[in-house]
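Student: Sequence below, structure please.
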Amino acid sequence: MRETPEGVVLAITVQPRSSRSELAGIRGGYLRIRCSALPEGGKANQQCLELLAEKLGIAPSRMAIIRGRSSRSKSVLLRGLTADQVSEKLQS
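Tutor: Numbers count the residues shown, from 1 in each chain. Take a look at the predicted model:
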């Protein structure tokens, strides 16, 4: 996780086609997210952003995948948040 002038960039890994959708902890510096959606047509990406938005208490429109749109490893920009706020919300 790193802060930028726009917000926080969070490194995540996504596991599509999972039996359930959840945030699955941190491994190797990446937040692991399991999504039940298929990776076709951006459905897993959308579900991933919705899960993060719900956990962080922000609107999905304040988030953007800035790297790795078609990869399991992604960088997500969280606009208007600090690293401390993100850490606090992810730990709760």
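Student: For this protein, which segments count as strands?
Tutor: Here the chain has its strands, by DSSP state E, at 2-3, 7-15, 22-27, 30-34, 63-67, 73-79.
Student: any idea which of the ones you listed scores lowest on pLDDT?
Tutor: Of all the strands of the chain, the minimum mean pLDDT falls on strand 22-27 (a mean of 92).
Student: Point out the other helices and strands that it packs with.
Tutor: With contacts defined as 3 or more CB pairs under 8 Å, 6 or more residues apart in numbering; DSSP states H and E, strand 22-27 has these neighbours: strand 30-34, helix 43-56. All C-beta spots, glycine's among them, are computed from the backbone N, C-alpha and C.
Student: Setting aside sequence neighbours, what's the nearest residue to residue 74?
Tutor: Spatial nearest neighbour of residue 74, excluding adjacent residues (CB to CB, 6 or more residues apart in numbering): residue 68 at 3.7 Å.
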